[in-house]
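Peer 1: Return atomic coordinates for the entry below.
(2 chains)
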Amino acid sequence: DTAVSQTPKYLVTQMGNDKSIKCEQNLGHDTMYWYKQDSKKFLKIMFSYNNKELIINETVPNRFSPKSPDKAHLNLHINSLELGDSAVYFCASSQDRRSNQPQHFGDGTRLSIL
Amino acid sequence: GESVGLHLPTLSVQEGDNSIINCAYSNSASDYFIWYKQESGKGPQFIIDIRSNMDKRQGQRVTVLLNKTVKHLSLQIAATQPGDSAVYFCAENIEYKLSFGAGTTVTVRA
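Peer 2: Numbers count the residues shown, from 1 in each chain, chains lettered A, B, ... in the order given. As a prediction, the model looks like this:
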């Protein structure tokens, strides 16, 4: 059983399109995250939800909109995709929002914009 | 093998030798630190963590050392194996956010 699973694993699409990435965790965790990893492997947090409530919203274009229908799911919708959005997007979860909790990551969604 | 200094992006180590990966963190108020391993095509995988009230923690074949005076973290891997080849990230946690270092690519030579 995969603890944090993301779909799709690969996403190739054209500039200007709208796409979604889904994430589910079966760990019973309260807190979920979205990260972006660029071509130089830098990992940067984008959003965090705690029990369906947005708690972290870094400086991310408002074309990116996270949605958490329940605490086991955190989806990422991206409007009007741009070339610079090409990256690997990782979902993660942790038991709760306390700082001394490891985050568990999915295997990523590689987004390529043509 | 050792990545000397604040950070080196790559480390080549002979199989069976010990590896030391170094990391400098930025915020003296950080209270929790994690090392992750990322293999090609996979997400970061938790290796070991340490809280700021400790200076050393050991796991299976891995040891993390924390020096708060100079804001330095290191990961030691004993008897490095081919399966240890990966990118290693340190991360500091402050105010519920993980901030990742640049990553060190470890290559194990047979």
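Peer 1: In contact with the residue of chain B at minimum distance from chain A, which residues are there?
Peer 2: Among the residues of chain B, B:Gly43 lies nearest to chain A; the distance is 3.5 Å by CB to the nearest CB. (Each C-beta comes from the backbone N, C-alpha and C, glycine too.) Counting by CB atoms under 8 Å, 6 or more residues apart in numbering or on different chains, B:Gly43 makes contact with A:Val4, A:Phe90, A:Ala92, A:Phe105, A:Gly106, A:Asp107, A:Gly108.
Peer 1: Repeat that for A:Lys9.
Peer 2: Taking CB under 8 Å, 6+ apart, one finds A:Asp107, A:Gly108, A:Thr109, A:Arg110 in contact with A:Lys9.
Peer 1: what helix or strand does the last one sit in?
Peer 2: If I follow you right, that is A:Arg110. A:Arg110 belongs to strand A:109-113 when assigned by DSSP states H and E.
Peer 1: Could you give me the buried positions within stretch B:86-100?
Peer 2: Residues of stretch B:86-100 classed as buried: B:86-94, B:96-100 (neighbour count, 16 or more other CB atoms under 10 Å in any protein chain shown).
Peer 1: what do you get for stretch A:78-91?
Peer 2: Applying 16+ other CB under 10 Å to stretch A:78-91 flags A:Ile78, A:Leu81, A:Asp85, A:Ser86, A:Ala87, A:Val88, A:Tyr89, A:Phe90, A:Cys91 as buried.
Peer 1: Same list, the contacts of B:Gly43, but as TSV with pLDDT please.
Peer 2: TSV is the format used below for these (pLDDT from 0 to 100):
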residue	pLDDT
A:Val4	97
A:Phe90	98
A:Ala92	97
A:Phe105	97
A:Gly106	97
A:Asp107	97
A:Gly108	98
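Peer 1: for the chain, what are the low-confidence residue spans?
Peer 2: In the absence of a named chain, this looks at chain A. The model of chain A has pLDDT under 70 over residues A:1.
Peer 1: my bad, the chain I had in mind was chain B
Peer 2: Ranges of chain B meeting pLDDT under 70: B:1-7.
Peer 1: what's the closest non-adjacent residue to A:Leu111?
Peer 2: Counting by CB to CB, 6 or more residues apart in numbering or on different chains, the nearest residue to A:Leu111 once its immediate chain neighbours are dropped is A:Leu11, at 4.8 Å.
Peer 1: burial of that neighbour, as a residue count?
Peer 2: Neighbour count of A:Leu11, defined by other CB atoms under 10 Å in any protein chain shown: 19.
Peer 1: ok, which of the contacts of B:Gly43 also contact chain B?
Peer 2: When those are checked against chain B using CB under 8 Å from any CB of the partner chain, the ones in range are A:Val4, A:Phe90, A:Ala92, A:Phe105, A:Gly106, A:Asp107, A:Gly108.
Peer 1: Now, those residues that are in strands?
Peer 2: A:Val4, A:Phe90, A:Ala92, A:Phe105 (DSSP state E).
Peer 1: neighbours of the first one, just the number please.
Peer 2: Neighbourhood size, A:Val4 [other CB under 10 Å]: 23.
Peer 1: That one bridge partners, please.
Peer 2: Beta-bridge pairing for A:Val4 (DSSP bridges): A:Gln25.
Peer 1: Got the phi and psi for residue 95?
Peer 2: All of this is about chain A. Dihedral pair for A:Gln95: phi -50, psi -50, per degrees, to the nearest 10.
Peer 1: hm, I was asking about chain B
Peer 2: Residue torsions, per degrees, to the nearest 10, at B:Glu95 are phi 50, psi 50.
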